[in-house]
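Colleague: I'll drop the sequence and a predicted model, then ask my questions.
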Amino acid sequence: MKPVCVLGNGQLGRMLRQAGEPLGISVYPIGLDAEPEAVPYQQSVITAEIERWPQTALTKELERHSNFVNRDIFPLLADRLPQKQLLDELNLATAPWMPLTSPDQWPDIYAQLGDFIIVKRRVGGYDGRGQWRIHPGEENQLPAEIYGECIVEQGIPFSGEVSLIGARDNNGNCVFYPLTHNLHQDGILRMSVALPTPSPTLQQSAQQMLEAILNKLNYVGVMAMECFILGNKLLINELAPRVHNSGHWTQNGASISQFELHLRAILNLPMPTPEVSQTSVMVNLIGTEVHPQWLSLPLVHLHWYEKEVRPARKVGHLNITHNDTQSLQNTLNQLSPLLDEAYQYPIKWALEKLS
């Protein structure tokens, strides 16, 4: 099988490499500043763990490569303006929005979108950065340079957040995992819960929306779609053209992980629907030191990224999977004192999802 070069050498590239090993697929996560002659890209299939990248000698070389899967889709989805325009073109539900180009727009913005506005940078804003929550009178707090670089959205009073991880192959076949329930704090994913039998209505709706996007783009590989729950309907929040944080539970909770599924899709290997028969909980480890006592709990799978620990930095995750809900609840209760205060509400939230 062809080797795979991953543009970006963070934790997603690392986990793609790990997923390739049992299949005999050589996966090379590559730093953006690597010298092109040091990278075995000529005979490789090329993918990416990031949506946007600076212009370097390597990225200029790879952008010309015919085996760079989804090469022309990354810039489209990395910019929230064309991403939103795509959703509108497909008539898919998303929060009402407008481009933000001038301070003179604010009266019209409030008239059309209401008194609670989310301002988002078109590119580069993620994990809570590059986003502002604005009410009338607060717009003067925004940096002057954001005009022309942002969109505004109506603030949505959602009851929950979910994501759908799906994949499409070269023949247009699509497969999906069950919906994942997510809890964010300060814009960063803190906890996920995936049930093997999600709401049929929401699951079907999400699959139809993501399949329409995948087919419209002729996309190959794994894509994540984040949504707000509003009553019995979903509004699409954002798309990520790659393996995704909220799909990490699939490493231990599905017969095929999202990382293996992505490799199968881009290498044109068989891509059956992954079997999911157990409930899974994923705890995102953010700015916290590794704690060996986590491993005293038999259901806990530790995935540590070997990164320097810094505030607000994702440094690992814990997967907890079992077919007995009570066993999962017991494990979360035992895990609680081994995590700091920031995790106590997320654990309570997860226990409620499991009840």
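Modeller: Structure received. Numbers count the residues shown, from 1 in each chain.
Colleague: phi and psi next, for Ile151.
Modeller: Dihedral angles of Ile151 (phi, psi; degrees, to the nearest 10) stand at phi -120, psi 160.
Colleague: dump the residue contacts of it.
Modeller: For Ile151, the set of contacting residues under the criterion of Cβ atoms under 8 Å, 6 or more residues apart in numbering consists of 80-81, 84, 97-100, 119-120, 122. (Glycine included, C-beta is placed from N, CA and C.)
Colleague: ok, now how distant is it from Gln105?
Modeller: 11 Å (Cβ to Cβ, to the nearest Å).
Colleague: same thing with Trp132?
Modeller: In terms of Cβ to Cβ, Trp132 sits 15 Å off from Gln105.
Colleague: quick check: neighbours shared by Ile151 and Gln105?
Modeller: Contact with both Ile151 and Gln105 is made by residues Met98, according to Cβ under 8 Å, 6+ apart.
Colleague: which positions in the one helix or strand Lys348 maps to come out as buried?
Modeller: Assigning secondary structure by DSSP states H and E places Lys348 in helix 344-354. Of the residues in helix 344-354, those buried by neighbour count under the rule 16 or more other Cβ atoms under 10 Å are 346-347, 349-351, 353.
Colleague: ok, now stretch 210-222?
Modeller: For stretch 210-222, a neighbour-count test (16+ other Cβ under 10 Å) marks 210-211, 213-214, 217, 219-222 as buried.
Colleague: contacts for that stretch next, please.
Modeller: Outside stretch 210-222, the residues within contact range by Cβ under 8 Å, 6+ apart are 47, 69-70, 73, 76, 86-87, 89-90, 92, 164-170, 172, 174, 176, 223, 225, 239, 241-244, 247, 258, 261-262, 265-266.
Colleague: tell me which of these fall in strands.
Modeller: Secondary structure defined by DSSP state E assigns 47, 164-168, 174, 176, 223, 225, 239 of the contacts of stretch 210-222 to strands.
Colleague: what's the local residue count around the closest residue to Ser255 other than its chain neighbours?
Modeller: By the measure of Cβ to Cβ, 6 or more residues apart in numbering, the closest residue to Ser255 outside its immediate chain neighbours is Glu275, 4.0 Å from it. Using other Cβ atoms under 10 Å, Glu275 is surrounded by 10 other residues.
Colleague: ok, back up a step: among the buried residues of stretch 210-222, which lie within strands?
Modeller: Secondary structure of the buried residues of stretch 210-222 is defined by DSSP E; positions in strands are 221-222.
Colleague: make CSV out of the buried residues of stretch 210-222 and add distance to Met271.
Modeller: Listed next are these as CSV, based on distance: Cβ to Cβ, whole Å:
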residue, distance to Met271
Leu210, 15
Glu211, 14
Ile213, 18
Leu214, 13
Leu217, 17
Tyr219, 13
Val220, 10
Gly221, 10
Val222, 10
